[in-house]
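In: Test case, fold it:
(chains A and B)
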Protein chains: 2
Amino acid sequence: MSAPERAGLDLYERHAAALTGAVTACRERGYFTLFPETPDRHRGGAAAPAAGLASFRAQLGQAFELDQPGTLDRVAAEVSPYTQEPLGVDYPRADVDALFNAAEAAMSGWARITPRARLGVCMEIVDRLYDRTFEIAQAVMHTAGQSAPMSYAGSGTNALDRGVEALAYAHQAMLDVPSEALWERRFGSTTIRLRKRYRLVPRGVTVCFACATFPTWNAYPAMLASLATGNAVIVKPHPTAILPMALAVRTFRDVLTGAGFDPNLVTLCVDTLDAPIGKALVRHPRTAIVDFTGSARFGAWVEENAHPALCFTETSGVNTVVVESVDALEPVLKSLATTMSLFSAQMCTSPQNVYVPGDGVRHAGGRLSAAEFGEALAEAIATIGRDPKRAGPIMAALQSPATASLIDQCAVEGAERGRVLLESAPYAHPEFQNARTRTPLLLSVEAGARELYGEERFGPIGFVIRTRDRDDALAQAAADAKSGGGITAFVYSTDSPFLARAVEAYSASGAQLTCNLTGPMPLNFAAAYSDYHVTGLNPAGNATLTDLAFVAARFRITQSREPA
Amino acid sequence: MSAPERAGLDLYERHAAALTGAVTACRERGYFTLFPETPDRHRGGAAAPAAGLASFRAQLGQAFELDQPGTLDRVAAEVSPYTQEPLGVDYPRADVDALFNAAEAAMSGWARITPRARLGVCMEIVDRLYDRTFEIAQAVMHTAGQSAPMSYAGSGTNALDRGVEALAYAHQAMLDVPSEALWERRFGSTTIRLRKRYRLVPRGVTVCFACATFPTWNAYPAMLASLATGNAVIVKPHPTAILPMALAVRTFRDVLTGAGFDPNLVTLCVDTLDAPIGKALVRHPRTAIVDFTGSARFGAWVEENAHPALCFTETSGVNTVVVESVDALEPVLKSLATTMSLFSAQMCTSPQNVYVPGDGVRHAGGRLSAAEFGEALAEAIATIGRDPKRAGPIMAALQSPATASLIDQCAVEGAERGRVLLESAPYAHPEFQNARTRTPLLLSVEAGARELYGEERFGPIGFVIRTRDRDDALAQAAADAKSGGGITAFVYSTDSPFLARAVEAYSASGAQLTCNLTGPMPLNFAAAYSDYHVTGLNPAGNATLTDLAFVAARFRITQSREPA
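Out: Numbers count the residues shown, from 1 in each chain, chains lettered A, B, ... in the order given. I've put the predicted structure just below:
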């Protein structure tokens, strides 16, 4: 056994309990985590946040050092949504073929070691990423515009848990194949005994696209699933959010090097908005797997053009809410307002369309007309926006300047086709006075104005949609989720038969449904090891984080047999 | 619980031990079977063969009754390779959209029952197919041209075992997803408790293409994998080999009806050679999954055009043999000659290209020159052909008249580019005097004549290829398997380091390697539950019978959650 394989197996031993716990959690789907979600419980102690911040600050204005092959020149384009100043970090732009050459060369040794050794190295990578959570969280904040708590928990600990979840499935799928077997059977009067050996063979090079607003959350599972199954990974970050992935790639490479493997198993491939290389990467003859997170439009192109590469996508969500009846209005409005404001609705799980029966919403105290409901929701959102100290950690910042323009454009269209329930405006961020902020725009429209709400309007743009009645509300919401691509869905109803119909309708639409939830948990919170993210049954993507299908085809099986 | 679901669960109980045994066998990969391979051990007893033959004969010249929707007219085109007379059986040709409508309507009830109930019905279908093994074997003989023993064992019992193998993986993948979970976590000072329900949702309608020479062997696993995971299946048999699949479809439908389900979950879609509908089925907007077995050319088209449907293919094999050194020549020549003659090499696993070092083959008694080896192999094959009683059960009949033309064309090309080691000629079948028979053509060529041997020459056409030396033999054989699509590969060597290099080379080529095998087992025998068939790493197909990847993506997962 080679020294690197031994090192990998040692790492497997070190992390075996954690990985086994994750495997069990995936099967049982109860609560599980390896990483506490609150920063004060980080194992680095009280000094860790400041150290992470210092590391991040030390990087600003500097060249990002990444010792990988094929560097052509250096590019820099990131601007912090909080300061609206350039980060001043430049990255090596690589010759694509050089990265493929290096990736393929690196795979041979990696593919040959036992799956457990690869899993051990991958678990160690996760562990080392956890060490750097604060630094990576700063990078996420200042590229994606997430709040500090979300950068830490959503893009840090939860993203790592989703990565381990992918490793748990890789563990299961790979260990399902024995390394050898003895087979024995009679043919006529002769017994044939064959010793059979099975080998897992990776597909090849994975190209992993990371998105601008939530880069690590989808990339970690994809990178780890591919790497654990023996493949190399070329990471293509969004040009406006490179730093989080650059830090991650460097960590992957450090751990690989430390264990004695070729670090070119994981490389970074940056481009610019002016000269995008995404299509060339998807079409590259040596691309074996594509993992894509990003826009629905480009995602559809990727799905159509990835062949013969395997293709896993998560694009965007037309996420719908049906409010049929409630006991108490206040907690529902508060949960909806908070979740629609969370990270300025720049999450693929953010609710966008709220469908209300034309005859209003029943509640314990009577019935609220559809118009009144829209106004109440607008007021609940406005309340958050009026308090900068609350708005900051909830709404955070806009990742892209284009989102502000989209909001303004939607406001004009909304005023023509319906009514503006709540104007969008910048709010004064309590910490960053130059932050690119906007409170949510809320529009009231009649059902049928689908040119406005039938697709994802990326950013803090919501619709209250008046439908004929409650059945119409459910039918239209589920239909829009099916055609536009719903990832999440939400229903409020005190009527059990109606709820049962909603469960049916959204299962058919392929959107994950949350019923009657109120309280401090964001409605769109997706729990690792418990919530399946994206069904593949509508245009929001073709892959699920995480199920067996997400990993089982990333490797193949070869065999040899000989008389025993 | 509905009566059909109850019936399905009862069937699951009845077959649980068998299915559990299959699941264990898949994990351990030792010998396992549910169906004895010799006809005399069929549970139907001594009367079963005659009853099967009588059923088959009663069908000849008659309309095939299949109570399925959308019949437009009836078509008949099958000709027995043994009698070269039309079977005279006509089949309902269906309106494609009517089949899709019926399939989708049938799915709703089927998709909603528990996975175990579906697995129970599928195991019962296998059991009922086993009852009809003799009848279906006759149908295979008189359409595909297989021998009676192969029709029974290969297309009967072994095909059923491969079907159960697919069900074992479907069992594993589906039962990996719990039906519900309780999830509980603190958010601040509040504990959120959610009851989560998970549901398996089928992809949709599967179109399953069955091939002309081995229809049931690939179709059973595909049909059962899709059906067990909740999908409907439209079976598209090759127009020259409809009867085996028509009998199978009727059995599927009978069992479904008997258990109270809509039989339109499985329908038959026939076409004619003059008006093929394969492309329209692949491109049909409601096709969700394609399972294809057939030619490499059409298979490549299917892979490129199936999107957005999932696509599983097995096409053809350029199967290679390297003879480097042996202890005794005789058993090697006998095994090679038999396997190259088996079913006139009309199996996707039949060896075609034998690579011999230019300096000959070392054996215990000295060294045989490459030319001598070719002559010895030719003589070993000729020996079989000279004895009709041996040739009949081994060589069987040619499925298609086109194969005879191809043999003659290859003989001409071979004589120009090399040397004819063994002429092909009809042999007198001991039972069927009009049988369409040909003994194998064996050609001797120099390495480099790839226009002759670089792709599959379907039928009894073999090549002895003289290479520079043993390393050149292995390199060329493995390269041809990689580029042409090798499913199986065979190496004979008494030199361990050479064998180890062969294991490496063929693993990289994606061909399943058999080393130094002699004796009564056909070299290309593929054992259910033990041998993985097709790797997906070369053009011979993208799917493996059977691994988790063959089933895990045939269903998706939706979920709902609500406060507990």
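
In: tell me the average confidence for the host helix or strand of A:V121?
Out: Using DSSP states H and E, A:V121 sits in helix A:115-131. Averaging pLDDT along helix A:115-131 yields 98.

In: cool, and stretch A:469-477?
Out: Along stretch A:469-477, the predicted local confidence has a mean pLDDT of 98.

In: Quick check: pLDDT value at the closest residue to A:I277 other than its chain neighbours.
Out: Nearest residue to A:I277 in three dimensions, chain neighbours excluded: A:D271, at 4.3 Å (C-beta to C-beta, 6 or more residues apart in numbering or on different chains). Where C-beta positions appear, they are placed from N, C-alpha and C, glycine not excepted. Reading off the per-residue confidence, A:D271 sits at a pLDDT of 97.

In: repeat for the one 5 residues further on
Out: Turning to A:P276, the model gives it a pLDDT of 97.

In: can you check A:P285 too?
Out: The per-residue pLDDT reported for A:P285 equals 97.

In: what's the offset of the longest strand along chain A from the middle of its chain?
Out: With secondary structure taken from DSSP state E, chain A has its longest strand at strand A:190-202. Relative to its parent chain, strand A:190-202 has a centroid offset of 40 Å by C-alpha atoms, centre = their mean, to the nearest Å.

In: Now it: buried residues?
Out: For strand A:190-202, burial by neighbour count (16 or more other C-beta atoms under 10 Å in any protein chain shown) applies to A:I192, A:L194, A:K196, A:R197, A:Y198, A:R199, A:L200, A:V201, A:P202.

In: Equivalent analysis for stretch A:68-79, please.
Out: In terms of neighbour count (16+ other C-beta under 10 Å), stretch A:68-79 has its buried residues at A:Q68, A:G70, A:V75, A:A76, A:A77, A:E78, A:V79.

In: Pick the one among those residues closest to B:R29.
Out: Nearest to B:R29 among those is A:Q68, at 39.9 Å by C-beta to C-beta.

In: Tell me which residues are up against stretch A:120-132.
Out: Defining contact as C-beta atoms under 8 Å, 6 or more residues apart in numbering or on different chains, one finds that stretch A:120-132 is touched by A:7-15, A:18-19, A:34-35, A:43-44, A:52, A:55, A:136, A:156-157, A:160, A:163-164, A:167, A:170, A:220, A:224, A:227-228, A:247-248, A:251-252, A:254-256, A:259, A:261.

In: Whichever of these end up buried, select them in PyMOL.
Out: Those of the contacts of stretch A:120-132 that meet the burial criterion (16+ other C-beta under 10 Å) are gathered into one PyMOL selection, given here:
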select buried, chain A and resi 7+8+9+11+12+15+18+19+34+35+52+55+136+156+157+160+163+164+167+170+220+224+227+228+247+248+251+252+255+256+259+261
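
In: Now go through the contacts of stretch A:120-132 and say which are in helices.
Out: Counting by DSSP state H, the part of these found in helices is A:7-15, A:18-19, A:52, A:55, A:136, A:160, A:163-164, A:167, A:170, A:220, A:224, A:227-228, A:247-248, A:251-252, A:254-256.

In: Validate this expectation: A:L513 resides in a helix.
Out: No: when classified by DSSP: H, G, I helix; E, B strand; the rest coil, A:L513 is found to be strand rather than part of a helix.

In: Return the per-residue confidence for it.
Out: Spelled out, the predicted local distance difference test score at A:L513 is 98.

In: mind checking how far the spatially most central residue of chain A is from A:L224?
Out: With distances taken as C-alpha atoms, centre = their mean, A:N218 lies nearest the centre of chain A, 3.3 Å away. Distance of A:N218 to A:L224, given as C-beta to C-beta, to the nearest Å: 11 Å.

In: Kindly list the main-chain dihedrals of the residue of chain A positioned farthest from its centre?
Out: Most distant residue from the mean C-alpha position of chain A: A:S189, 59.4 Å away (C-alpha atoms, centre = their mean). Dihedral angles phi and psi of A:S189 (degrees, to the nearest 10) take the values phi -100, psi 0.

In: how about the strands in the stretch 251-400 of chain A?
Out: Secondary structure of the stretch 251-400 of chain A, counting by DSSP state E, counting those that start in this stretch: strands at A:266-268, A:287-293, A:310-314, A:319-323, A:351-357, A:361-363, A:366-368.

In: Need those in CSV (columns: distance to chain B and mean neighbour count).
Out: Compiled in CSV, the strands of the stretch 251-400 of chain A are given as follows (distance: least, C-beta to the nearest C-beta, whole Å; neighbours: other C-beta atoms under 10 Å in any protein chain shown):
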stretch, distance to chain B, mean neighbour count
strand A:266-268, 22, 26
strand A:287-293, 10, 25
strand A:310-314, 9, 25
strand A:319-323, 13, 29
strand A:351-357, 15, 26
strand A:361-363, 17, 21
strand A:366-368, 22, 14
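
In: Name the residues of the stretch 251-400 of chain A found near chain B, please.
Out: Within reach of chain B by C-beta under 8 Å from any C-beta of the partner chain, the stretch 251-400 of chain A has these residues: A:E303, A:E304, A:H307, A:P308.

In: now the closest residue to A:V270 other than its chain neighbours, what's its secondary structure?
Out: With C-beta to C-beta, 6+ apart as the measure, A:Y91 is the residue that lies nearest to A:V270, at 4.9 Å, once sequence neighbours are left out. Here A:Y91 is strand, with the state taken from three-state DSSP.

In: Sounds good, over and out.
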